[in-house]
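Asker: the following comprises the amino acid sequence and a computationally predicted model.
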Amino acid sequence: MIPTYDELVSWLPELLSGLSISLQVTALSLALGIPCGLVLALGVLAKGKGTRILALFLVEVGRGAPALVLLQFIYFGLPGTGLTLGSFSAAVIALAWNTGAYTSEIIRASLQSIAHGQREAAVSIGLNRFDELRYVLLPQGLRVALPALLGFSILIFQGTSLCFTIALPELVSRAYEIGSTTFRYFPALLAAGVLYACISIPASLLVSHVEKRAGSHAQR
Amino acid sequence: MTAVQNAGPLIRLAALSKHYGTHLVLDQIDLEVVKGEVLAIIGPSGSGKSTLLRCINYLEVPDGGLITVGPTTIDATRAASRSELSGLRRRVGMVFQSFNLFPHMTVLRNVSLAQERVLGRTRRDADERSMQLLKRVGLADKAGQYPVRCSGGQQQRIAIARSLALDPEVMLFDEPTSALDPELGLEVLAVMRELAESGMTMIVVTHEMGFAENVSDTVMIMADGKIVEKGPSAQVMRNPQQERTKRFLRAVHDR
Ligand SMILES: Nc1ncnc2c1ncn2[C@@H]1O[C@H](COP(=O)(O)OP(=O)(O)OP(=O)(O)O)[C@@H](O)[C@H]1O
Ligand SMILES: [Mg+2]
């Protein structure tokens, strides 16, 4: 059941390179997705009807469709339209879309949680809409959103395991490969699981630390 | 400024009206305030005092009427342009009941921000002016603190400094001391009194009858979206003409 020491030593380079791909996909998805989430949140809050509808559409599809479906659609579906992507790019795009859609809701709710008086104060000292966002609403809103955004980042990291369905050589794919050559599926997946936990658990602890700090800031 | 401009009112509201749904909150308000005048607005809750104040700097969009502040006149029946609104808001400072300082900025940044972004001052010039203003409200030592570390009275004085930083021609106050303990209210009232004596034009919605009687030049009573009575403060407070005013002042004294 449990991998032996020798097995671990021989699998580890494979697994670690898989983990590295998982982390790269996570980082890129977040780096692209969270700014998209911000833009979508502003789009949903915008006054113009067209902007709002487009933003809502992108958000609802990104949230409504399971990440697995987005992944399959972009990797297997888009080539039908003449656009073929490698599995790495497809993974990043699908997960970034997913991230954008979910984080837009987190960011929108945080922006709306900022007291109405803050907006009024910004308007009454003559700030224009952009400066009001940049200097007054976003710094406060993003601070509120931070714990939820970090929590979501962990989900995306775990979600990269879905990419084994599009043959991206990430952590789970590597474990499967090892399983198929050694017939030691369970120990290989167990080792992969431990590696996921090595990242996720410290990250969760960090999130709850940030959450506590954010909570005590709010009370100040 | 030319003598002609000095002679006319600095602020003129003509037939200003505002509905919320079918509820008429401001009913054809006509009002003039001259440069240097301190006008206190008193009246029962729900009479439209805050709404009137908020219409003057367009935080609330009126349904009809004209708003003139200095050289700008905005016709509320037309959509106001961005430049009209920014012109209006540069001339009009506003102080809120709940201070509304920016909690994520130091006191100094609170006061400097609009000078940099709206007036285009450099940070150095803005900070220098902010320090003068903070000194004026007695809070120079708080410049580097965050607002949460300041008492309510201090926060309200910082909010006053923040508004003054744009060198407004008129300052609007919406119950600036109502959220404060009486002693803390006093330090805010002292700053407002100093401001009034320095010649600032002020419109103050207040429940402080002492301020209305002793500091303001003019008092105006509102009820049901209308101006019931307006006149020199001593006269309105001590010898009101309207039955509605007498009833309101009696109710305040009995409290
Ligand atoms: N945003 C709003 N939507 C609907 N009704 C409103 C809104 N703001 C104010 N009102 C209503 O308009 C009327 C006037 O409100 P306003 O706040 O101007 O009164 P006020 O004289 O300032 O009262 P107070 O002394 O309690 O502050 C009230 O009946 C109030 O319920
Ligand atoms: Mg009010």
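Answerer: On my side now, so go ahead. Ligands and ions are numbered 1, 2, ... in the order given.
Asker: which parts of stretch A:167-178 are buried?
Answerer: Within stretch A:167-178, the residues that count as buried by 16 or more other CB atoms under 10 Å in any protein chain shown are A:L168, A:P169, A:E170, A:L171, A:V172, A:S173, A:R174, A:A175, A:Y176, A:E177, A:I178. Every C-beta, even on glycine, is put in place using the N, C-alpha and C of the backbone.
Asker: can you check stretch B:151-165 too?
Answerer: Buried, per 16+ other CB under 10 Å, within stretch B:151-165: B:152-165.
Asker: let's see which of the buried residues of stretch A:167-178 end up in helices.
Answerer: Among those, DSSP state H puts A:L171, A:V172, A:S173, A:R174, A:A175, A:Y176, A:E177, A:I178 in helices.
Asker: what ranges do the strands span in the chain?
Answerer: With no chain named, the answer covers chain A. Using DSSP state E, no strands are found in chain A.
Asker: meant chain B, my bad for not saying
Answerer: Using DSSP E, strands in chain B cover B:11-20, B:23-33, B:38-42, B:64-69, B:72-75, B:92-95, B:170-174, B:201-205, B:218-223, B:226-232.
Asker: chain A: which of those strands is closest?
Answerer: Closest approach to chain A among those (CB to the nearest CB): strand B:92-95, 4.1 Å.
Asker: name every strand pairing with that closest one and say which way it goes.
Answerer: Sheet pairing for strand B:92-95, assigned by DSSP bridges, gives strand B:170-174 (parallel).
Asker: let's test this: mean pLDDT of the partner strand, rounded?
Answerer: Mean pLDDT, computed over strand B:170-174, is 97.
Asker: other residues contacting that strand?
Answerer: B:10-11, B:33, B:49-50, B:53-54, B:56-57, B:69, B:91-97, B:160, B:163-164, B:192, B:195, B:200-206 (CB atoms under 8 Å, 6 or more residues apart in numbering or on different chains).
Asker: with adjacent residues omitted, what lies nearest to B:A223?
Answerer: Of all residues not flanking B:A223 in the chain, B:S47 sits nearest, at 4.9 Å (CB to CB, 6 or more residues apart in numbering or on different chains).
Asker: cool, and A:I107?
Answerer: A:A41 (4.1 Å).
Asker: on that earlier part again, can you flag the weakest of the strands of chain B by average pLDDT?
Answerer: Per-stretch mean pLDDT for those is lowest at strand B:72-75 (a mean of 91).
Asker: quick check: the gap between A:Q140 and B:S178.
Answerer: According to CB to CB, to the nearest Å, A:Q140 and B:S178 sit 25 Å apart.
Asker: of the two, which one has the most company?
Answerer: A:Q140 (20 against 13; other CB atoms under 10 Å in any protein chain shown).
Asker: am I right that the more buried one is in contact with A:Q118?
Answerer: Yes - taking CB atoms under 8 Å as the definition, A:Q140 is a contact partner of A:Q118 at 6.9 Å.
Asker: can you pull the pLDDT of the residue nearest to A:I107?
Answerer: At A:A41, pLDDT is 95.
Asker: how about A:H217?
Answerer: Reported pLDDT for A:H217: 55.
Asker: again with B:N6
Answerer: Looking at B:N6, its pLDDT stands at 52.
Asker: give the burial count for B:V228, as a bare number.
Answerer: 21.
Asker: right, and it touches B:Q242 too?
Answerer: Yes - with contact defined as CB under 8 Å, B:V228 reaches B:Q242; the gap is 5.3 Å.
Asker: got any residues that touch both of these two?
Answerer: Common neighbours of B:V228 and B:Q242 (CB under 8 Å, 6+ apart) are B:I221.
Asker: low-confidence regions, chain A specifically.
Answerer: Scanning chain A for pLDDT under 70 picks out A:215-220.
Asker: spell out which residues of it are next to chain B.
Answerer: Contacts of chain A with chain B, taken as CB under 8 Å from any CB of the partner chain, map to A:115, A:117-118, A:120-128, A:131, A:135-136, A:139-140, A:143, A:220.
Asker: in helices only, show me these.
Answerer: A:G117, A:Q118, A:E120, A:A121, A:A122, A:V123, A:S124, A:D131, A:P139, A:Q140, A:R143.
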